[in-house]
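Undergrad: Structure, please.
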Amino acid sequence: RSDLQVLLETTHRIVLPYTSSSGGDDAWAALIDLDAGSSPGTVKLLYSGVDVPAEPHGTSSTWNREHLWPKSRGVGYEGADFTDVHHL
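TA: So this is what the prediction gives:
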């Protein structure tokens with residue numbers, strides 16, 4: 001069982017980028033790539049369709065990411081469930 005767990009964890013990290021469990025910046029990097037605006041260094045906002053600078057991000061005065069499944073329903077505040085791009 002532990003061998004299977006190690007295999008899944010190591011291949012998941014190798015094959016699927018932007019799935020850090022360390023809470024690093026890889027999810028932000030993925031969103032910058034996936035939601036790239038029409039000009040270099042920008043992202044296109046989902047609701048307004050406006051391009052804004054990709055950096056800085058994550059504050060009340062800049063663009064932010066939203067979770068498809070709310071934290072109040074069981075997504076933690078750290079670890080893979082918080083940073084996995086599939087949840088954002």
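Undergrad: Going by C-alpha atoms from here, please, whenever you check contacts or count neighbours.
TA: Will do.
Undergrad: ok, now how distant is Asp51 from Trp63?
TA: Per CA to CA, to the nearest Å, Asp51 is found 10 Å from Trp63.
Undergrad: hey, what's in contact with both of the two?
TA: Both Asp51 and Trp63 are in contact with Leu45, where contact means CA atoms under 8 Å, 6 or more residues apart in numbering.
Undergrad: contacting residues around the residue lying closest to His57 once chain neighbours are set aside?
TA: Leaving out its chain neighbours, the residue that sits closest to His57 by CA to CA, 6 or more residues apart in numbering is Trp63, at 5.3 Å. Taking CA under 8 Å, 6+ apart, we find Trp63 in contact with Leu45, Val52, Ala54, His57.
Undergrad: In strands only, show me the residues you listed.
TA: Among the contacts of Trp63, DSSP state E puts Val52 in strands.
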